[in-house]
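In: The sequence and its predicted three-dimensional model are supplied below.
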Amino acid sequence: MIEVLEASKTYGSGESATVALKGVSLKINDGDFTVLLGASGSGKSTLLYIVSGLECPDRGSVNYDGVDITALRDDKLTVFRKEKVGFIFQQYYLLPNLNVDKNVKMGADLTGNRNYHEIIEAVGLGKKLDKMPSELSGGEQQRVSIARALAKKPQVLFLDEPTGALDEETGRQVLDYICTLQKEIGFSVVMVTHNSNIAEMANTVVKMNSGKITETYLNEIRKNAHEIGW
Amino acid sequence: MPTRLDGDDMIIRPKDVIKLLGIVIMCACAVLVCTLFLNSNIDMERIKDQITDPEIMMIYDLTVSSSNLTCAVTSGALGLTTAVMLLFYVKHYIDTHKPELGILKALGYSNWKIAKGFWVFGLSVLTGTAIGFGLAFALMPMFYREQVNDGIMPDVSIHFNPILLVYLVILPAFVFSLMAVLYSYRKLKRPALELIRGSNKAKIRKTKTTGKTKTDVLFLRELEQSTLRSRFSLVFFVWFAAFCYAATVVMSFSISEIGASDMMAVMMAGIGVVLAVTTLFLAVTTVIKGNAKTIAMLRIFGYSDRECSGAILSGYRPVTYIGFALGTAYQHGLMKLMMFLFFDNSVLGLPEYRFDMQAFIVALVSFVVIYELFMLVYARRIKRVSLKEVMMEE
């Protein structure tokens, strides 16, 4: 279980200071699909980076099964990221000089996963192992980044607006892959989005505004990627 | 004040020009050496008619020939490297400003109109050659005195020879400016949309994995190889830095042994060290900046700082030491050739040239220290690369 307690974050100082998070507390259960929903500037991405250990809060703590990751030294935090979490970003951030196979291998090698081709097959890119990122469509690139993140077998998958750069059809396809794989493998998902329709796919929806959580609710029925509006 | 390249949004800022520091230093070094030797040659020619003794005439001819050879080797090697470096920076500038250049093209600016603005890259050459020329005249009295004291040249007064200003300062600046314009024109010959999107389909370097994929080769090893392959020009610069260091530092000891002036030896070693350090600095900085996204992603995924710096920088180590070995061999060959061509006689009474093992060891140890310190500093810089910074730049 992940537990965030009273996390605050301010960027800059003096008159140019921007308060991104104001004492946010949150619980994420193992295997949950949690969506952080909010408009631009609501603090959802900052919260995602803090929960995932990419950023340290000014105040507060982030506990993974009782271990406060905000107190970890940089090398321990690296080990934590290696063993526990996976990331998917809106801009994919694939390594441009490496083909699909090697991009996914980047994740797989961290945990010694030699069967990583299975995950490439699972995202439908088994026949594109030799393709370079620039030869793929946006949706395909995002699927490579899904495979790369899952090849390291994370306990929690963090996604920052994964469909933000994709058209509706491709976006649905990408979400479908994520949901299917989550059900099969059982990792937790924490996804940031501004699209309230996507929130209907989650167990837990955390609404944010101006650096605060304004509402948290559970979806009794989770919709799949093809049932939601866009 | 920023220099306008073309269009309201397209400017080359001072920080872009600062990156050309390597070119400035390289041109300054080349012109410094050439001005000293060629000016002394021209000045000596004024008294050539007064030489009647055949033995002195022979020494005169040898001095002129060896000066010309020194100038040819220095200007050839440094000129070629300057050209490679200039083209690299023009390409780098275009690659990092694709969207802006694409928008200019979309607005109706012709390739030629945009390319013309790239003449400013030649200013770095002009700055370097002017500094080198000025520095040469500042050092000229000392250089002449040393040469006279060592019996290498007769006592002649210093003259300012305007022809050297044209050939060593103005002409190179013009040629390199033209080269920058023509090269950028060639690189801009792409559809505007391709530039705006920042795609670079022409540069895909595929590595085959069809059929049996290499799951047993570690990812970091493959990344190391791909980093090297992706920027061959940087491999050349790192290689050149080591080559240059070995060639000049070992040679400075060698020429000192066979009777050259201390000033010349110190000048040669100094130029070598400055060139090597500058080239290494520029190359490694570009490697780190060019791989910022990759480094950030590696760190996010949980690769340690040591693994990140290893994957990005370690591949250059063998290249560096090969460069050092070749630089040492090159200086040895060059010394042998020079001794054979110009000094292979008993008239001058010079000691026989032999490979100086002690000089080689001093050069190697000092180079290893400098190189490994560089790697250490940049490994620390890698630690500071964060995804947030990378995202902010986009």
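Out: Nice, thanks for sending it over. Numbers count the residues shown, from 1 in each chain, chains lettered A, B, ... in the order given.

In: Only C-alpha atoms from now on, for both contacts and neighbour counts.
Out: Will do.

In: Backbone dihedrals for A:Met191, both of them.
Out: phi -120, psi 130 (degrees, to the nearest 10).

In: can you pull up the bridge partners for it?
Out: When assigned by DSSP bridges, A:Met191 has beta-bridge partners A:Val35, A:Leu159.

In: Now for the closest residue to chain A within chain B: which residues touch it?
Out: Of all residues in chain B, B:Gly302 sits closest to chain A, at 3.9 Å by Cα to the nearest Cα. Counting by Cα atoms under 8 Å, 6 or more residues apart in numbering or on different chains, B:Gly302 makes contact with A:78-83, A:110.

In: Can you flag the buried ones in the residues you listed?
Out: A:78, A:80-83, A:110 (16 or more other Cα atoms under 10 Å in any protein chain shown).

In: can you narrow the residues you listed to ones near chain B?
Out: Subset of the buried ones among the contacts of B:Gly302 in contact with chain B: A:78, A:80-83, A:110, counting by Cα under 8 Å from any Cα of the partner chain.

In: Compute the number of surrounding residues for residue 146.
Out: All of this is about chain A. Per other Cα atoms under 10 Å in any protein chain shown, the neighbour tally for A:Ile146 reads 27.

In: oops, I was thinking of chain B
Out: Neighbours of B:Glu146 (other Cα under 10 Å): 18.

In: Now it: closest residue in space that isn't a chain neighbour?
Out: Once flanking residues are discounted, B:Glu146 sits nearest to B:Ser261: 6.5 Å by Cα to Cα, 6 or more residues apart in numbering or on different chains.

In: Now flag whichever of the contacts of B:Gly302 is closest to chain B.
Out: So of the contacts of B:Gly302, ranked by how close each gets to chain B (Cα to the nearest Cα), first place is A:Lys82, at 3.9 Å.

In: That closest one contacts B:Ser304, doesn't it?
Out: No - counting by Cα atoms under 8 Å, B:Ser304 is not a contact partner of A:Lys82; they are 9.0 Å apart.

In: how about the strands of the chain, start to end?
Out: Reading this off chain A. For chain A, the strands defined by DSSP state E cover A:2-11, A:18-28, A:33-38, A:59-64, A:67-68, A:85-89, A:156-160, A:188-193, A:204-209, A:212-218.

In: oops, chain B please
Out: According to DSSP E, chain B carries its strands in the segments B:3-4, B:11-12.

In: give the contact list for the closest residue to the residue of chain B closest to chain A other than its chain neighbours.
Out: In this structure, B:Gly302 finds its nearest non-sequential neighbour in A:Lys82, 3.9 Å apart by Cα to Cα, 6+ apart. If you count contacts by Cα under 8 Å, 6+ apart, A:Lys82 has them with A:110-111, A:152, B:301-303.

In: Neighbours of residue 28, how many?
Out: Let's take chain A. If you count neighbours by other Cα under 10 Å, A:Ile28 ends up with 18.

In: The chain in question should be chain B.
Out: Residues lying near B:Ala28 (other Cα under 10 Å) number 27.

In: Those residues of chain A touching chain B, which are they?
Out: So far as Cα under 8 Å from any Cα goes, chain A lies against chain B at A:54, A:75, A:78-83, A:85-87, A:93-95, A:97-99, A:101-102, A:105-107, A:109-110, A:114, A:129-132, A:134-135.

In: Sort out for me which of those are in helices.
Out: If you go by DSSP state H, these have A:75, A:78-83, A:101-102, A:105-107 in helices.

In: Measure how far the biggest helix by length in chain B is from the centre of its chain, please.
Out: Looking across chain B with DSSP H, the single longest helix is helix B:54-96. Helix B:54-96 has its C-alpha centroid displaced from the chain centroid by 12 Å (Cα atoms, centre = their mean, to the nearest Å).

In: Ok, stretch B:326-337 next?
Out: How far stretch B:326-337 lies from its chain's middle: 19 Å, per Cα atoms, centre = their mean.

In: and the longest helix of chain B, what does it pack onto?
Out: Contacts defined by 3 or more Cα pairs under 8 Å, 6 or more residues apart in numbering or on different chains; DSSP states H and E place helix B:54-96 against helix B:21-45, helix B:171-187, helix B:316-342.

In: what mean pLDDT does it have?
Out: Mean pLDDT, computed over helix B:54-96, is 82.

In: Kindly report the same for stretch B:157-170.
Out: 92.

In: and for the longest helix along chain A, what are the contacting residues?
Out: When chain A is parsed with DSSP H, its longest helix is helix A:168-185. Residues from elsewhere that reach helix A:168-185 (Cα under 8 Å, 6+ apart): A:123, A:139, A:142-143, A:146, A:163, A:188-189, A:224-226, A:230.

In: between it and strand A:33-38, how big is the angle?
Out: Put simply, helix A:168-185 runs at 140 degrees to strand A:33-38, going by axes from the mean of the first three to the mean of the last three Cα atoms, to 10 degrees.

In: quick one on the thing from earlier: highest mean neighbour count out of the helices and strands packed on helix B:54-96?
Out: Stretch with highest mean neighbour count among the helices and strands packed on helix B:54-96: helix B:21-45 (a mean of 24; mean count of other Cα atoms under 10 Å in any protein chain shown).

In: Between helix B:54-96 and it, find me the angle.
Out: Using the same axes, to 10 degrees: helix B:21-45 against helix B:54-96 is 160 degrees.

In: helices and strands around helix B:21-45, which ones?
Out: Helix B:21-45 sits against helix B:54-96, helix B:121-149, helix B:162-165, helix B:262-290, with contacts defined as 3+ Cα pairs under 8 Å, 6+ apart.
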